[in-house]
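Q: sequence-free structure coming up:
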């Protein structure tokens, strides 16, 4: 049984271009990824306005303590660079924060999260040349950190397409979806912007396809409900880690006890179409937003559990 019925969702920002992620500011403003600009602001009536310059493929987004939007640019889509960027919706300033780390060019920055100390943690998913190759099981992804003093380091490597990230409420743990591992890894956060060794958190979340064109096969499959390619993750106020499974049109939750429960599932993909990220907003943090790599809209519903507030929402 699902926590949220499919019919509880409504479409907003219809016509947006690949809204991978959504972020909600402390003032209630809602922003989404859009490949036609830096970010798009979604208005209360469901319409949206594009902001900032077009360039690359804005993917995961978040906010810092000054309400500026952090953008992970997944350059592999357009065979461009994939840097970590920042956009200020107040001034319109758009800048590159980091284009390489330890001599490694960022080609597929995926999702950023910031902690109380000001460290920005982010994944670089792969150095594959094409999107289908990216999910062939190669372990060339890594996590990096950009510290407040401007220093940057690779903090975890040899990962199978690291994707969405989430910090525990006490910031002791960093969770990372490992897409072509069909699982989630957990890293202990150490002083100085470092990580301990990774360990699997919860079970493998589904089946993986074989072959070098696994992503294309996953999209074409008529039996995708058990596919476990993990994408975005988010923590609710009760410590459940919500995990998006886009190839299955499903979101599940890994409970604090290590069990897995279905949050919602749309086998047909008619409405919940390749969900990639979950985000909470509203005064009670129960407004739930779902991003997608396939749909030209964002989904919104009421969540049965409030979200865990991000740094910019505290």
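A: On my side now, so go ahead. Here the structure is a predicted model, which is why all the values come from computation and not from measurement.
Q: quick one: terminal-to-terminal distance for stretch 121-129?
A: This stretch, stretch 121-129, spans 24 Å end to end (Cα to Cα, to the nearest Å).
Q: Distance from the chain centre to that stretch, please.
A: Distance, stretch centre to chain centre, for stretch 121-129: 13 Å (Cα atoms, centre = their mean, to the nearest Å).
Q: now stretch 187-196
A: With Cα atoms, centre = their mean as the basis, stretch 187-196 stands 20 Å off its chain's centre.
Q: same deal with stretch 135-147?
A: Relative to the centre of its chain, stretch 135-147 is centred 14 Å away, using Cα atoms, centre = their mean.
Q: Can you list the buried residues in that stretch?
A: Applying a neighbour-count criterion of 16 or more other Cβ atoms under 10 Å, one finds 135-136, 138, 140-146 buried in stretch 135-147. Where you see a C-beta, it was placed from the backbone N, CA and C, and this is true even at glycine.
Q: Can you report how many residues neighbour residue 245?
A: Residue 245 has 27 neighbours, counted by other Cβ atoms under 10 Å.
Q: Next, give me the two most distant ones among the buried residues of stretch 135-147.
A: 136 and 146 (28.7 Å; Cβ to Cβ).
Q: Same list, the buried residues of stretch 135-147, but as a markdown table with secondary structure please.
A: Formatted as a markdown table, those follow (DSSP: H, G, I helix; E, B strand; the rest coil):
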| residue | secondary structure |
| --- | --- |
| 135 | coil |
| 136 | coil |
| 138 | coil |
| 140 | coil |
| 141 | strand |
| 142 | strand |
| 143 | strand |
| 144 | strand |
| 145 | strand |
| 146 | strand |
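Q: Out of the residues you listed, which is nearest to residue 228?
A: Distance to residue 228, by Cβ to Cβ, is smallest for residue 135 among the buried residues of stretch 135-147, at 11.8 Å.
Q: and the gap between the closest residue to residue 85 other than its chain neighbours and residue 248?
A: In space, and not counting its chain neighbours, residue 85 is closest to residue 71: 4.3 Å by Cβ to Cβ, 6 or more residues apart in numbering. Applying Cβ to Cβ, to the nearest Å, the value for residue 71 to residue 248 is 27 Å.
Q: more neighbours, those two?
A: Remark: of residue 71 and residue 248, residue 71 carries more neighbours, 30 against 27, as counted by other Cβ under 10 Å.
Q: Name all residues that make contact with that one.
A: Neighbour list for residue 71: 33, 38-39, 58-61, 84-87, 112 [criterion: Cβ atoms under 8 Å, 6 or more residues apart in numbering].
Q: Where do the strands of the stretch 151-300 of the chain begin and end?
A: With DSSP state E, counting those that start in this stretch as the criterion, the stretch 151-300 of the chain has strands at 152-159, 162-167, 173-178, 183-190, 194-200, 233-235, 241-245, 250-254, 260-265, 275-281, 287-292, 298-302.
Q: how about those strands in TSV, adding distance to residue 22 and mean pLDDT?
A: Shown next, in TSV, are the strands of the stretch 151-300 of the chain (distance: least, Cβ to Cβ, whole Å; pLDDT from 0 to 100):
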stretch	distance to residue 22	mean pLDDT
strand 152-159	25	98
strand 162-167	13	98
strand 173-178	17	98
strand 183-190	20	98
strand 194-200	26	98
strand 233-235	10	98
strand 241-245	12	98
strand 250-254	14	98
strand 260-265	16	97
strand 275-281	4	98
strand 287-292	4	98
strand 298-302	6	98
